[in-house]
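Q: requesting a structural model of the entry that follows:
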Amino acid sequence: TGACLVPPCVLARSRPSADVASTTALALVLIAGPRAFAPVSRIGAFHSSRSANIVATGMNGPTTNAEDQARAAALAAGSHLAPGSQGDLSAFPTVDIRAGTYKYVLINAAVPGGETKTLVRSGEGSYHVDVATPTVEALRAVGLNAEIPGGGRIARNDAKKAISVYGFSYGFGKGDHALAVELIQKDFPDYDVSWTAEGY
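A: As a prediction, the model looks like this:
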């Protein structure tokens, strides 16, 4: 009964109900403008005010949400302490991965203005930030810098002596799986350690 704002509303009244959804979507684009629906990156979408309630879901339940993205962003921001701060990288083992299949992260640890070391961590946690937080907080507590360049998943099968690195992290991006394999192989010399870019 009301006046049509855009031509598609006329079509919506005359076409079968199956076309209403697509016609409505077209009407929204014409009203709001195409920029309102411009594509965004997978990571950026979760920092958008329009995406505050987005939840990505995988086979084992939610894989990310707005709170996870905010926590990951805060942790990934890193701490950059001034040279002269105390800290001993040798106190942190390069590889600490749990038997089974878990999310993993790479952590770049550094003495401010000095030595650096990349750590591999996997373990229990709903999100990658849960895996990263204990080590990052421990590093920063003793005056060491810590950043998280990426992550994924690690499947460690002790019965088969096989370790597979794969996937990515919504919060931190895809880790350097080749580097993770190189570091893991040194700690597990008798295991078959491999990686793939496939999967989550």
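Q: for the residue nearest to Leu119 when sequence neighbours are not counted, pull up the helix or strand it's in.
A: Distances taken as Cβ to Cβ, 6 or more residues apart in numbering put Ile107 closest to Leu119, at 4.4 Å, once the chain neighbours are dropped. Quick note: C-beta positions are derived from backbone N, CA and C, even for glycine. Element membership for Ile107, per DSSP states H and E: strand 100-110.
Q: same for that strand, what does it pack against?
A: Packing partners of strand 100-110 (3 or more Cβ pairs under 8 Å, 6 or more residues apart in numbering; DSSP states H and E): strand 116-123, helix 128-141, strand 145-157, helix 177-187.
Q: tell me how many other residues crowd Ser90.
A: Neighbours of Ser90 under the rule other Cβ atoms under 10 Å: 8.
Q: also Gly100?
A: Using other Cβ under 10 Å, Gly100 has 13 neighbouring residues.
Q: what does Ala110 give?
A: 20.
Q: for it, what are its contacts?
A: By Cβ atoms under 8 Å, 6 or more residues apart in numbering, the residues touching Ala110 are Leu89, Thr116, Lys117, Leu144, Asn145, Ala146.
Q: buried ones only from these, please, as a ChimeraX command.
A: One line in ChimeraX is enough to select the buried members of those, burial here meaning 16 or more other Cβ atoms under 10 Å:
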select :89,117,144,145,146
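Q: any regions of this protein where pLDDT drops low?
A: Scanning the chain for pLDDT under 70 picks out 1-64, 74, 76-86, 200.
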